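Trainee: Have a look at this fold, sequence not included:
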Ligand code: SAH
């Protein structure tokens with residue numbers, strides 16, 4: 001507790017609408033807040049004290065009167081002061097967890113609500129950090145957050161990747177720039193014994209998909225001694241991991257020339273370029289072509305971009321996953337393995353699994369699910385936000 005209570009503006013939860021917040025949920029929606037003239041006049045992202053209308057304080061958090069998720073808890077302590085020391089505490093705790101999980105400083109350091117840092121993503125690439133604020137609240141808190149990161153890690157360079165999709169919902173502009181130090185081209189990412197190259201300024205998301213780390217290791221193990229097809233390969237995460245683990249040949253497909261250039265470079269760095277083929281193509285077209293050519297692979301890994309970007313795309317997105325699974329399953333050699341992932345947070349695990357099962361069946365294949373997995377542990381999930389477990393993956397063996 002701070003010595004003196006800071007004088008934050010007050011926002012009230014409507015009578016009877018405080019249950020979820022009181023039971024540990026980290027958000028309060030706009031229709032649960034008393035949206036009077038005072039509340040409406042608050043600058044989006046202001047730090048406020050949340051109270052019940054009977055005066056009982058519930059905690060401190062950020063407030064955006066124009067967003068569907070109006071209030072996000074920073075702390076249940078009504079006397080907390082939100083400053084550099086507060087963020088140093090939260091980031092220090094997040095750092096301690098990652099240091100326990102990983103040997104090398106390459107990971108997602110902060111994963112929003114689950115790390116008590118609503119709206120904040122920080123990816124750590126050794127001495128370089130990629131920082132993303134997804135909400136007006138976190139946007140406003142960036143100065144003390146960046147100061148805390150400097151104190152904790154003294155990074156050589158910091159890239160602001162404020163181009164997440166959620167920002168528009170919060171009325172925020174896209175903003176991508178280097179705010180500390182310099183970035184000269186791609187930087188190295190260490191994953192296990194491998195070194196990948198990532199482009200933090202222009203690459204997708206923050207430049208690297210740390211979330212698939214454990215799945216890459218699982219898939220690589222299955223690909224030993226066989227051929228792997230990596231569909232939506234981006235900078236080569238699955239493909240190069242498999243080649244390094246002893247796959248005899250890897251074919252990788254992506255529509256982005258830049259991603260494929262980085263992948264080819266990484267393959268050389270890891271001494272596996274001779275076993276990797278990079279193809280620029282549409283995933284669906286290329287899978288149909290490979291099927292027509294009679295090509296079969298011991299492992300097919302399919303890690304598409306989010307098909308369901310909003311709830312209204314759910315039915316068409318699930319159809320898309322089913323079609324992908326059908327095309328991919330046809331390419332799996334008898335006894336081989338299919339890995340399919342979805343990073344759409346609007347798709348729950350059960351419907352995704354059904355779409356995959358349906359696709360496999362329509363491909364005329366039978367088999368068994370070996371594992372259903374998610375993101376690696378540096379992407380923790382808030383216990384009351386199961387939808388933040390956005391990454392779902394399924395591994396099957398097909399007869
Ligand atoms: N598997 C990757 C991450 C994939 S991200 C990893 O482990 O890091 C999704 C990728 O899909 C991006 O690289 C994007 O360029 C690619 N992509 C998007 N639409 C595509 C399409 N229609 N055909 C092929 N690739 C596509």
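Mentor: In hand now; what should we look at? All values reported here derive from a predicted model rather than from experimental measurement.
Trainee: so what's the residue in the stretch 1-150 of the chain that the ligand sits nearest to up against?
Mentor: Proximity of the stretch 1-150 of the chain to the ligand (Cβ to the nearest ligand atom) peaks at residue 123, 12.7 Å away. To be clear about C-beta, it is placed using only N, CA and C from the backbone, and glycine gets the same treatment. Neighbouring residues of residue 123 by Cβ atoms under 8 Å, 6 or more residues apart in numbering: 107, 108, 109, 129, 130, 206, 207, 208, 210.
Trainee: least confident pick among those residues?
Mentor: Ranked by pLDDT, the contacts of residue 123 bottom out at residue 206, which scores 80.
Trainee: Skipping its backbone neighbours, what lies nearest it in space?
Mentor: Nearest residue to residue 206, sequence neighbours excluded (Cβ to Cβ, 6 or more residues apart in numbering): residue 130, at 3.8 Å.
Trainee: In the stretch 51-200 of the chain, which residue sits closest to the ligand?
Mentor: For the stretch 51-200 of the chain, Cβ to the nearest ligand atom, closest residue to the ligand: residue 196, 8.6 Å.
Trainee: quick revisit: distance-wise, check the residue of the stretch 1-150 of the chain closest to the ligand relative to residue 236.
Mentor: 18 Å (Cβ to Cβ, to the nearest Å).
Trainee: can you pull out the helices in the protein?
Mentor: All helices of the chain, identified by DSSP state H, fall at 19-22, 37-40, 84-101, 136-153, 166-169, 213-223, 237-244, 257-269, 283-292, 314-330, 349-362.
Trainee: lowest-confidence stretch among these?
Mentor: Per-stretch mean pLDDT for these is lowest at helix 166-169 (a mean of 86).
Trainee: And for it, what's in contact with it?
Mentor: With contact meaning Cβ under 8 Å, 6+ apart, helix 166-169 is reached by 67, 68, 119, 133, 134, 135, 173, 174.
Trainee: that older thread, switch the helices of the chain over to a markdown table; also include distance to the ligand and mean neighbour count.
Mentor: Converted to a markdown table, the helices of the chain look like this (distance: least, Cβ to the nearest ligand atom, whole Å; neighbours: other Cβ atoms under 10 Å):
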| stretch | distance to the ligand | mean neighbour count |
| --- | --- | --- |
| helix 19-22 | 33 | 15 |
| helix 37-40 | 39 | 12 |
| helix 84-101 | 19 | 16 |
| helix 136-153 | 24 | 20 |
| helix 166-169 | 18 | 15 |
| helix 213-223 | 6 | 22 |
| helix 237-244 | 3 | 29 |
| helix 257-269 | 5 | 19 |
| helix 283-292 | 4 | 16 |
| helix 314-330 | 10 | 20 |
| helix 349-362 | 16 | 19 |
